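Undergrad: Structure for the following, please:
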Amino acid sequence: MSKLTDRAKKLKTDVPAVFMALKDERTPWGAKVIAAAVVVYALSPIDLIPDFIPVLGYLDDLIILPALIAWCVRLIPQHVLADCRKAAEKAWTNKQKWYYALPFVLIWLAVIGLIIAAFV
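TA: Coordinates of the predicted model:
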């Protein structure tokens, strides 16, 4: 069970590290594309499989997202990833980055605005 706990803790630091690798110029462009998709999917409130579906709803949180993160981590050079993990541990410890939610809020406001405009 401790192995699973260790993997969960590593996953918790890998998401911000992947985000930081996305901004690092040493990261190859292919890894940046995958990293951007992983970060957007991880932060997005919209899931591939909605959570209200019994059992399958949490499948993306338990299998798909960790698999995408592991794939992305393999594409990022190890020295870049190590630097990003160190920076992520320092930068993301006990700080709330509320402004990272801003793009999602703007997208939802645009969707709501389009729906209202369609019915008016």
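Undergrad: quick one: the helices in the protein?
TA: Secondary structure of the chain (DSSP state H): helices at 2-23, 29-43, 59, 65-75, 78-91, 102-119.
Undergrad: Buried residues in the fourth one, which are they?
TA: Think helix 65-75. For helix 65-75, the neighbour count (16 or more other CB atoms under 10 Å) marks 65-66, 68-69, 72-73, 75 as buried. Bear in mind the C-beta positions are built from the backbone N, C-alpha and C, glycine included.
Undergrad: List the buried residues for stretch 27-39?
TA: For stretch 27-39, the neighbour count (16+ other CB under 10 Å) marks 27, 31-32, 34-35, 38-39 as buried.
Undergrad: Need those in JSON lines (columns: pLDDT and distance to residue 14).
TA: Converted to JSON lines, these look like this (pLDDT from 0 to 100; distance: CB to CB, whole Å):
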{"residue": "27", "pLDDT": "91", "distance to residue 14": "14"}
{"residue": "31", "pLDDT": "90", "distance to residue 14": "13"}
{"residue": "32", "pLDDT": "90", "distance to residue 14": "16"}
{"residue": "34", "pLDDT": "87", "distance to residue 14": "13"}
{"residue": "35", "pLDDT": "85", "distance to residue 14": "11"}
{"residue": "38", "pLDDT": "80", "distance to residue 14": "9"}
{"residue": "39", "pLDDT": "78", "distance to residue 14": "11"}
